[in-house]
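Participant: heads up, no residue letters with this:
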């Protein structure tokens, strides 16, 4: 009897916590289908008009484009560099490995604003403020810690004896990488790519300070519109689409590569 | 290259972070031999194996294989098979793909490679039609796949690093017989690293006993067992190993035991016959199965029985003599009369070591 009661209590608690965590997303998605001109909840009429508006909104379209390109480029660089660093640290086992790992993860420990201000002053000196290369570099800086952390765990899980066995069977270092290390590291590579892309895509703070007016990414655009015009249903529709996209990425990542195990 | 050994390790030295892992190793192995590197962990046996595989480079010295210097040859050009304790099968490849890996690296044609995979899997007693992933196999089967993978490339040398240590006791015994049989069928020169002396004795033509980065003795199992070069080997080889009885020569005809008791043995065991001057501290190696137990007679060691183990075919008697614990193996049918017994060493020249250095007298 008590066990059934405690089970029910546990279930209630779990549901309450899930509701607390996920309710905002629910509100967002339901409101996106509302027909009204202003944000309201619960929605009163059903419509796809704000999705249409979002697709026709040229500023949003260009911002989404910028965010995507920026995300892809900075992710590619961050994952590439992080993989090389992680492989060297895990396989080379240098005496400074621990210190290096802490340094690689350092950007995670400071508030992003502090980080952004530091980058701003450095980039101003270098004259790359407000340029696309500067922005990419800044995004590499904030995404690399995540990628490095996942890749260190990934390579750490690959038995070095596998590489030694392949070598003894006649595989050159490059063949070892191509036939053994890369296939085994693929789940980790895809996980770190997904995470790095999401971090880059979601960033407002660093981008606002570094990008200037030239490169307005989607979250920055949304944030500035939010402040000038209040909550715009178009923004909500785009938000709902991004949520759908993110959920898709995470569900696939989890099903195929156990994303959460590597974080 | 007649006259020179098939595998010749010459003055190989290796240090790790300032500490010497291998001191001046010399070892000559003949073609077709099964050699074990035996020693406790940290003795340098795995380091030596890695140097042979080309995974580590020695600081000094030379390795010759089949007349050619391979010291600086990278592992992928050595054609040396490697088998690991944890099998190290490629988890993303099927069993057949694992065995075929080395053949693909050689650029062997598909038909020939497939045939070679069949042969190799059959050689280790596995069904060649096995289409599963390595992770779905038992430990014993995984190790068989790893061995098949290593011999598929027809290696010039087969190196095995503790190949049986991950298997349970029953399987370990079975696979070790299979290893020897496989070796006899293929004739591949084999070097196995192990910490298990029984494993080394059972499989090897010759055993190199290692301690602290040095080879103490390199001999056939029988020699190692009957004439150990050092007290360490005597106390390490055999199950149970030899008893080492600490004694000090108190005159030409008698020894003083650790607790001060004086022992007057048969003439052949006395200090005079063994060149031990008075005051010399020694260790006498007494194999458990060579000792006999009695109650009366000349030259016996007075001992007190502490425990008796019944092992089916025989009994192990653990007795205290002169402050030292001695193990004796007797037939299961022999009765122990009481706690106070006499131990009689065999009437033959004893194996005697200097107590300070551990070397043979």
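Facilitator: Perfect, I can see it now. For clarity, every value in this text was computed on a predicted model and none was experimentally measured.
Participant: every contact and neighbour count from this point should use C-alpha atoms.
Facilitator: OK.
Participant: just give the nearest non-adjacent residue to the one residue in chain A that gets nearest to chain B, would you?
Facilitator: Residue nearest to chain B within chain A: residue A:170 (3.9 Å; C-alpha to the nearest C-alpha). Using C-alpha to C-alpha, 6 or more residues apart in numbering or on different chains and skipping residues adjacent in sequence, the residue nearest residue A:170 is residue B:76, 3.9 Å away.
Participant: and for residue B:206?
Facilitator: In space, residue B:206 is closest to residue B:220, 4.2 Å off (C-alpha to C-alpha, 6+ apart).
Participant: and the gap between that neighbour and residue B:114?
Facilitator: 39 Å (C-alpha to C-alpha, to the nearest Å).
Participant: was I right to think the residue nearest to residue A:170 contacts residue A:174?
Facilitator: No - at 11.3 Å, residue B:76 and residue A:174 do not qualify as touching, with contact defined as C-alpha atoms under 8 Å.
Participant: neighbour count winner among these two?
Facilitator: Shown here are residue B:76 and residue A:174; by other C-alpha atoms under 10 Å in any protein chain shown, residue B:76 has more neighbours (22 against 10).
Participant: and the more buried one, that's in a strand?
Facilitator: No - assessed with DSSP: H, G, I helix; E, B strand; the rest coil, residue B:76 is helix; it does not lie in a strand.
Participant: get me the contact residues on the stretch 101-250 of chain B for chain A.
Facilitator: With C-alpha under 8 Å from any C-alpha of the partner chain as the criterion, the stretch 101-250 of chain B meets chain A at residues B:101, B:102, B:103, B:105, B:106, B:150, B:153.
Participant: closest one of those residues to chain A?
Facilitator: Using C-alpha to the nearest C-alpha, these come closest to chain A at residue B:102, 4.5 Å.
Participant: neighbours of the closest one, how many?
Facilitator: 28.
Participant: quick one: contacts for it?
Facilitator: Contact analysis of residue B:102 by C-alpha atoms under 8 Å, 6 or more residues apart in numbering or on different chains lists A:166, A:169, A:170, A:171, B:149, B:152, B:153.
Participant: okay, and which of those residues map to helices?
Facilitator: A:166, B:149, B:152 (DSSP state H).
Participant: confidence score at the last one?
Facilitator: For residue B:152, the model assigns a pLDDT of 96.
Participant: so it makes contact with residue B:116?
Facilitator: Yes - taking contacts as C-alpha under 8 Å, residue B:152 lies within contact range of residue B:116: 6.5 Å.
Participant: all helices of the stretch 51-200 of chain B, in order?
Facilitator: B:95-105, B:110-123, B:139-152, B:169-186, B:197-203 (DSSP state H, counting those that start in this stretch).
Participant: and the longest one, what does it pack against?
Facilitator: If you count contacts as 3 or more C-alpha pairs under 8 Å, 6 or more residues apart in numbering or on different chains; DSSP states H and E, helix B:169-186 packs onto helix B:197-203.
Participant: tell me which residues touch the residue of chain A closest to chain B, please.
Facilitator: With C-alpha under 8 Å, 6+ apart, residue A:170 has these contacts: B:75, B:76, B:77, B:78, B:79, B:102, B:105, B:106.
Participant: can you read off the pLDDT for it?
Facilitator: 96.
Participant: now it, what are its backbone angles?
Facilitator: For residue A:170, the backbone dihedrals (degrees, to the nearest 10) come out as phi 100, psi 10.
Participant: near chain B, which residues of the stretch 101-250 of chain A? Just list them.
Facilitator: A:159, A:161-162, A:164-172, A:180, A:183-184.
Participant: which single one of those is nearest to residue B:71?
Facilitator: residue A:168 (14.8 Å; C-alpha to C-alpha).
Participant: the nearest residue to residue B:333 once chain neighbours are set aside bridge partners, please.
Facilitator: Residue nearest to residue B:333 in three dimensions, not counting chain neighbours: residue B:314, with 7.8 Å by C-alpha to C-alpha, 6+ apart. Taking DSSP bridges as the rule, residue B:314 bridges to residue B:331.
Participant: quick check: residue B:314 touching residue B:329?
Facilitator: Yes - with contact defined as C-alpha under 8 Å, residue B:314 reaches residue B:329; the gap is 6.7 Å.
Participant: compare the two (neighbour count), which wins?
Facilitator: residue B:329 (21 against 15).
Participant: flag every buried residue along the helix or strand hosting that one.
Facilitator: In this structure, residue B:329 is located in strand B:324-331 according to DSSP states H and E. For strand B:324-331, the neighbour count (16 or more other C-alpha atoms under 10 Å in any protein chain shown) marks B:324, B:325, B:326, B:327, B:328, B:329, B:330 as buried.
Participant: likewise for stretch A:155-164?
Facilitator: Here stretch A:155-164 shows A:155, A:156, A:158, A:161, A:162, A:163, A:164 as buried, counting by 16+ other C-alpha under 10 Å.
Participant: show residues contacting stretch B:228-237.
Facilitator: Counting by C-alpha under 8 Å, 6+ apart, B:197-198, B:209, B:216-217, B:224-225, B:241-244, B:283, B:285, B:351, B:353, B:358-360 sit against stretch B:228-237.
Participant: distance between the ends of that stretch?
Facilitator: OK, stretch B:228-237 end separation, C-alpha to C-alpha: 9 Å.
Participant: now do it, average pLDDT.
Facilitator: For stretch B:228-237, the per-residue pLDDT averages 95.
Participant: over to stretch B:123-131?
Facilitator: 86.
Participant: what sits up against that stretch?
Facilitator: B:94-96, B:117-118, B:121-122, B:141, B:144-145, B:147-148, B:178, B:182.
Participant: follow-up on the earlier one: of residue B:152 and residue B:116, which one has the most company?
Facilitator: Per other C-alpha under 10 Å, whichever of residue B:152 and residue B:116 has more neighbours is residue B:152, with 24 against 21.
Participant: please enumerate the helices of the stretch 151-263 of chain A.
Facilitator: Counting by DSSP H, counting those that start in this stretch, the helices of the stretch 151-263 of chain A are A:160-168, A:173-176, A:182-202, A:205-211, A:218-229, A:233-257, A:259-262.
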